[in-house]
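S.K.: what follows is a predicted structure for the sequence shown.
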Amino acid sequence: MPTIANRLFEDIKPGDAASAQRTVSAADLRAWACAFGDAGHLAGAGDSQAVAGVAASLFAALVGSALPGPGAAIRSSTVSLSAPLPVDMPLTVVVTVRETHGADKTLVLDGRVTGPDAGVIATATIVVAAPAVAARVDVPEHRLEGLLERCRGLKPMPTAVVHPVSLDAIEGALDAAAAGLILPVLYGPEAEIRRIAAAAGLDLSGARIVSTASEEESAAKAAAAAGAGEVEALMKGSLHTDVLLHAVMQKEAGLRTGRLLSHCAMMSVPTYARRVVLTDVALNIAPDTDQKRDICQNAIGFARALGVETPKVAVLAAVEMVRTKMAATVDGAILAKMADRRQIVGGIVDGPLDLDAAVDAGAAKVKHIVSPVAGVADVLLVPNIEAGNMIYKNLAFMSDAQAAGLVVGARVPVMLTSRADSASARRFSAAAAVLYADALKREPDAILPVTAD
């Protein structure tokens, strides 16, 4: 959990500055417009109130987090737009101290937002009252760009891209490579891969190709390479998921751990200022209690690899009370007791919890739920694939959530990319795979621990 500290008036002088990199999506503009009534400018035109509001918010966020930081109060702010705000492109936000006024301990800041070409998009004059007392604030991780930041100190990960015979599969692999996340090895029919890449003008010079004749051969060779340590992760290309996972589970591949494979997705929802891991939304259809134990343990390892020190797991059901006719509530109670008996380790598990009590402390209080997980869950373990898939797609397609998903439980992470995934979702999943594989090498007993029988 990152910590931010403020600066008092006495420690600030003219010329001091703070900056941040931000990317604004079309969804961000829509959300701002809807929240503040700018319905006539939902497309984000350069002169819209939504764009001016977003620019003002970028400056306010930097003032509140860096200069002067927590405890600062903006007295006035004037924002001027110089150019349309580019969408899905990196922006640089800077505030610089122009004047300091000792009589009332206020600062006059100049603000500037520039685009990737360094062109000025917005400027501002901001009058701020400096914080009265020193403060340090722990801030929960939220947006998934932090995963990319954490990967910057790691080497690109050799990754088998399995049967990439579609444009989106090849682009996804090359995009992750361009971001410095992976070194792609493409397993598939070489002539077909090169034909698709050439037609789209894609450069394959940075990728090695292992030619195969079928989906099954691509999966088998890629899994064998992972088992031999030649690659550290698998990325699904254009083949069926069951073909890939069947190869992973073959004894001769050497990737089995004795643990059930399950899917974990770290989600960042704009209206909820904490990351959550959702599991299992893509693999196990109707897991029994023992399978949910593995799903829970896998999710704890996934969350720890991605930076959650002690994951809090909410076993979800429709109600928070145990009802013997509702299997999900019984599973929740059993899994919580399994954690007490160290059959699940590395996290805190409680259930059954309904979704509102798991993620909202106010709802838990109204329902008189006393739980170390209620309101602060890091992991949401769903009853079955229907519930999980609907939650996932609701967040991704109706709530503009960011997502990073992996299949875990094997000796290497598996990325299940989809044609519907955005470029950013593919990058976040690749970053998650890099962090998971790195953690698995450094602390295997924490990511795939041995538990009590």
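M.R.: Now that the structure is in, tell me what you want to look at.
S.K.: quote the end-to-end distance of stretch 348-357.
M.R.: Counting by Cα to Cα, to the nearest Å, you get 16 Å between the two ends of stretch 348-357.
S.K.: contacts for it?
M.R.: 296, 310-322, 328-329, 331-333, 335-336, 338-339, 363-364, 367, 369, 371-375, 377, 380-381, 391 (Cβ atoms under 8 Å, 6 or more residues apart in numbering). Where C-beta positions appear, they are placed from N, C-alpha and C, glycine not excepted.
S.K.: what's the spacing between the residue nearest the centre of the chain and Ile344?
M.R.: Centroid-nearest residue in the chain: Leu144, 3.7 Å away (criterion: Cα atoms, centre = their mean). Per Cβ to Cβ, to the nearest Å, Leu144 is found 26 Å from Ile344.
S.K.: now Val370
M.R.: Applying Cβ to Cβ to Val370 and Ile344 gives a distance of 21 Å.
S.K.: with Gly115 instead?
M.R.: Counting by Cβ to Cβ - Gly115 and Ile344 are separated by 48 Å.
S.K.: ok, these two, which is more surrounded?
M.R.: More crowded of Gly115 and Ile344, by other Cβ atoms under 10 Å: Ile344, with 24 against 16.
S.K.: for that one, which residues are in contact?
M.R.: Arg293, Cys296, Gln297, Ile300, Leu335, Met338, Thr451.
S.K.: just the buried residues of those residues.
M.R.: Arg293, Cys296, Gln297, Ile300, Leu335, Met338, Thr451 (16 or more other Cβ atoms under 10 Å).
S.K.: nearest to Ala132, of those residues?
M.R.: Ile300 (41.3 Å; Cβ to Cβ).
S.K.: how about the secondary structure of that closest one?
M.R.: Using DSSP: H, G, I helix; E, B strand; the rest coil, the structure places Ile300 in helix.
S.K.: that one against Lys312, yeah?
M.R.: No: look at Ile300 against Lys312 with Cβ atoms under 8 Å: they stay out of range, at 9.6 Å.
S.K.: among the contacts of Ile344, which are located in helices?
M.R.: Arg293, Cys296, Gln297, Ile300, Leu335, Met338 (DSSP state H).
S.K.: separation between the third one and Gly347?
M.R.: So that's Gln297. In terms of Cβ to Cβ, Gln297 sits 8 Å off from Gly347.
S.K.: what does Ala207 give?
M.R.: 37 Å.
S.K.: now do the same contact list for the nearest residue to His246 once chain neighbours are set aside.
M.R.: Take His246 and drop its neighbours on the chain: the residue closest to it by Cβ to Cβ, 6 or more residues apart in numbering is Ala219, 7.2 Å away. By Cβ under 8 Å, 6+ apart, the contact list for Ala219 reads Val162, His163, Tyr187, Leu239, Val243, Leu244, His246, Ala247, Val248.
S.K.: now tabulate the contacts of Ile344 in TSV and tack on pLDDT and distance to Gly351.
M.R.: As requested, those are arranged in TSV below (pLDDT from 0 to 100; distance: Cβ to Cβ, whole Å):
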residue	pLDDT	distance to Gly351
Arg293	97	12
Cys296	98	9
Gln297	97	14
Ile300	98	14
Leu335	98	6
Met338	97	10
Thr451	83	18
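S.K.: nearest to Ile182, of the residues you listed?
M.R.: Ile300 (25.1 Å).
S.K.: what's the burial count for the closest residue in space to that closest one that isn't next to it in sequence?
M.R.: Of all residues not flanking Ile300 in the chain, Gly347 sits nearest, at 4.0 Å (Cβ to Cβ, 6+ apart). When neighbours are counted by other Cβ under 10 Å, Gly347 registers 22.
S.K.: now swap in the one 3 residues further on and tell me
M.R.: Neighbouring residues of Asp350 were enumerated by other Cβ under 10 Å; the total is 24.
S.K.: in which helix or strand would I find it?
M.R.: In this assignment (DSSP states H and E), Asp350 forms part of strand 348-353.
S.K.: partners of that strand, with directions?
M.R.: Strand pairing for strand 348-353, determined by DSSP bridges: strand 312-316 (parallel).
S.K.: ranges for the strands of the stretch 51-200 of the chain?
M.R.: 73-81, 90-101, 106-114, 120-129, 136-138, 157-162, 182-188 (DSSP state E, counting those that start in this stretch).
S.K.: between the fourth one and strand 106-114, how many degrees?
M.R.: Orientation note: strand 120-129 sits at an angle of 160 degrees relative to strand 106-114 (axes from the mean of the first three to the mean of the last three Cα atoms, to 10 degrees).
S.K.: pLDDT on strand 120-129, on average?
M.R.: Confidence for strand 120-129, expressed as mean pLDDT, is 94.
S.K.: mind listing the strands that strand pairs with, and their directions?
M.R.: strand 73-81 (antiparallel), strand 106-114 (antiparallel).
S.K.: so how far is the strand holding Asp350 from its chain's centroid?
M.R.: Strand 348-353 sits 23 Å away from the centroid of its parent chain (Cα atoms, centre = their mean, to the nearest Å).
S.K.: what's the answer for stretch 233-244, then?
M.R.: The chain centre lies 21 Å from the centre of stretch 233-244; the measure is Cα atoms, centre = their mean.
S.K.: stretch 363-372 now?
M.R.: With Cα atoms, centre = their mean, you get 27 Å for stretch 363-372.
S.K.: would you mind listing the buried residues in that stretch?
M.R.: Buried, per 16+ other Cβ under 10 Å, within stretch 363-372: Ala363, Ala364, Ile369, Ser371.
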